[in-house]
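Engineer: predicted model and sequence below, questions to follow.
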Amino acid sequence: MLAPINIPLESLNVMTLAPMLIPIIGALLILVLAVAKSGLHKSLYVVISLLFLGMDFFALLNSAGLFSENGTILGMFDVMLIDGLAILAQFIVVGASMLFIPLALTNKRFHEFSYPEFFALFLFMIAGFQFMVATDNMILVFVGLETSSLALYTLIAMHNRDKSFEAAIKYFTMGALAAGFFSFGAMILYALTGSIEINKIAMVLSANGYADMPYVLVGIAFLLAALAFKLSLVPFHTWAPDVYEGASAAMAGYMSIVPKIAGFVVAMRFFEFLVHSHVVWLQMVLYAFVVLTMTASNMWALVQTDVKRMLAYSSISHAGFVMAAVLIGTTQANSALFFYWILFSFTNLGAFSMLWISRQKDLIDGQVSDHSYDKFAGMIKTAPVAAASMGLFMLSLAGVPPFALFWGKLYMISSAVSSGYTVLALIMALNSAIAGYYYLKLIVYMFMKEPIVGANGEIYVANATLALRTIIGIAAMGTLFAFIIINPLLEFITSFVYNSGY
């Protein structure tokens, strides 16, 4: 008879699980309340969600303090990994989620917010993203990926429009294909190295001198395709514009931020050790992904007549821009990735939320879609504050100084120049200039054209609830005054990235 194995509780570092367990407990509490008493007002679920997200944020602050004192922390049989990348990514996930949830207090016609399941699924999704970034174990990455994805598919479908169902099915189908690619790639690397932990895989491959390079490349190709689907990199982007169009405007903005930062962290863990090992094939493929994604998505955005689809292609372009950090693979580039994405979170969530202000139930004469450029015509006359806010977000996305994303673009391009990627830096700058056209196009419509008048003389006037105005105001303040916190934010990010060894 085998003797029982005694494992001291302290050695498990159970606290490494705390940031993930908090939203899970919150989700279960919401489900229990919904079963115990039906018909509770959605504001209660909003408050509960914000409360648990706030607790999650404080748990992350505690993890950040422990990391600063002790360096990288392992827990739960070394499955959980608390390092700088995990902490920074979780700050973005939880912070953006706290900005998104109050939008549920908006107009009643968005009926998905009346379901407690929406808030429970939302918290489960956040936990899935946190598991993805806080581990280098491929099984747990896969579990986190699928947990978050399955919840997100349902949240999109709950918008209950024909396009929403279509979007959820497309996202589910493409997500299932990406999951298959991920599983197959992970299986090949496990067969080659006998490990499912990325750090150990890197050590074994390096010790063997990459003797099985053809098989390694096959495994990496599958993993690269899977993550390219999740990050909507060209040519794996085809689902993104349709899914963004089918989702609610704010959910589309959320999708352009939070799932992608989780994907970027997983890509950094998987590919940067290969980049540092000078695997030329991977460097060439990543280079092609970055250039093709930035350039092609900008070309498609130029010809869009719907602002929501334009912002969808814009988000794809920004993802390609930031993917350059994984190719470069330096501490400066990785710091630039988080720096860029924090600034992007304010700007892009604000821009998509503005689409809710300009949403109406029925199209007036002259409109070809729910968010056509024509609907924004003359907004400076009908809703001057809304027009000024949207103009601010467009200028920031275009990289106009001194607004938020100018600093992100500047630091990302300087990291490329510092690492010898001068041609790539020029391509990035050129694409930023091209993108300026379609952002400025919307500004021209809002400030220089006359409002569209319907057959009965009606002119659409934007309106918003207090919650929506508050979130847009926070996003606008973060976009406008980002230059005040540039240096301390960069120092904070760089210290975490550098101490993680990236």
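Structural biologist: Structure's in. What do you need?
Engineer: quick check: longest helix of the chain.
Structural biologist: helix 162-193 (DSSP state H).
Engineer: tell me the first helix or strand C-terminal of that helix.
Structural biologist: helix 198-207 (DSSP states H and E).
Engineer: all strands of this structure, in order?
Structural biologist: Assigned by DSSP state E, the strands in the chain fall at 73-75, 80-82.
Engineer: which neighbouring elements make contact with the last one?
Structural biologist: Contact analysis of strand 80-82 by 3 or more C-beta pairs under 8 Å, 6 or more residues apart in numbering; DSSP states H and E lists helix 42-70, strand 73-75 as its packing neighbours. For glycine as for every other residue, the C-beta is placed from the backbone atoms N, C-alpha and C.
Engineer: list the contacts of residue 291.
Structural biologist: Contacts for residue 291 (C-beta atoms under 8 Å, 6 or more residues apart in numbering) come out as 320, 424, 427.
Engineer: circling back: can you list the buried residues in the longest helix of the chain?
Structural biologist: For helix 162-193, burial by neighbour count (16 or more other C-beta atoms under 10 Å) applies to 164, 166-168, 170-172, 174-175, 178-179, 181-182, 184-186, 188-190, 192-193.
Engineer: likewise stretch 267-287?
Structural biologist: Quick answer for stretch 267-287 (16+ other C-beta under 10 Å): 267-275, 279, 282, 285-287.
Engineer: now for these, which pair is the farthest apart?
Structural biologist: 269 and 287 (19.6 Å; C-beta to C-beta).
Engineer: does residue 79 touch residue 138 like I think?
Structural biologist: No - under the criterion of C-beta atoms under 8 Å, residue 79 is not in contact with residue 138, lying 10.7 Å apart.
Engineer: between the two, which has more neighbouring residues?
Structural biologist: Using other C-beta atoms under 10 Å, the more surrounded residue of residue 79 and residue 138 is residue 138, with 24 against 19.
Engineer: any idea how far that one lies from residue 408?
Structural biologist: Distance, residue 138 to residue 408, by C-beta to C-beta, to the nearest Å: 30 Å.
Engineer: export stretch 472-487 as CSV, just CAs?
Structural biologist: Extracted C-alpha coordinates of stretch 472-487, given in CSV (Å, rounded to 0.1, in the frame of the first residue of the first chain):
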residue,chain,number,x,y,z
ILE,A,472,-17.5,58.0,-22.3
GLY,A,473,-16.3,60.9,-20.0
ILE,A,474,-13.8,58.6,-18.3
ALA,A,475,-12.5,57.3,-21.7
ALA,A,476,-12.3,60.9,-23.0
MET,A,477,-10.3,62.0,-19.9
GLY,A,478,-7.9,59.1,-20.3
THR,A,479,-7.5,59.9,-24.0
LEU,A,480,-7.0,63.6,-23.6
PHE,A,481,-4.8,63.8,-20.5
ALA,A,482,-2.7,60.6,-21.0
PHE,A,483,0.4,62.7,-21.6
ILE,A,484,0.4,63.5,-17.8
ILE,A,485,1.0,59.9,-16.8
ILE,A,486,3.2,58.8,-19.6
ASN,A,487,6.5,58.6,-17.7
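Engineer: please point out which parts of it sit buried.
Structural biologist: Buried residues in stretch 472-487 (16+ other C-beta under 10 Å): 472, 474-476, 478-480, 482, 486.
Engineer: so where's this protein shaky on pLDDT?
Structural biologist: 1-12, 106-114, 160-162, 358-369, 453-464, 501 (pLDDT under 70).
Engineer: tell me which of the helices and strands packed on strand 80-82 approaches residue 219 most closely.
Structural biologist: Nearest of those (C-beta to C-beta): strand 73-75, 24.6 Å.
Engineer: and that closest one, which strands flank it?
Structural biologist: Its sheet considered, strand 73-75 pairs with strand 80-82 (antiparallel) by DSSP bridges.
Engineer: centre of the chain to the strand it pairs with, how far?
Structural biologist: 20 Å (C-alpha atoms, centre = their mean, to the nearest Å).
Engineer: could you do stretch 338-357 as well?
Structural biologist: So, by C-alpha atoms, centre = their mean, the centroid of stretch 338-357 is 10 Å from its chain's centroid.
Engineer: same thing with stretch 243-259?
Structural biologist: 9 Å.
Engineer: can you give me the end-to-end span of that stretch?
Structural biologist: Using C-alpha to C-alpha, to the nearest Å, the span of stretch 243-259 from its first residue to its last is 14 Å.
Engineer: got it, and stretch 244-258?
Structural biologist: 14 Å.
Engineer: list the buried residues for stretch 291-307?
Structural biologist: Residues 291, 293-298, 300-301, 304, 306-307 are the ones in stretch 291-307 that count as buried (16+ other C-beta under 10 Å).
Engineer: ok, those residues vs residue 328, which is closest?
Structural biologist: Of the buried residues of stretch 291-307, the one sitting nearest to residue 328 (C-beta to C-beta) turns out to be residue 291, at 13.4 Å.
Engineer: and the gap between the closest one and residue 33?
Structural biologist: 50 Å.
Engineer: and for residue 90?
Structural biologist: Distance from residue 90 to residue 33, by C-beta to C-beta: 26 Å.
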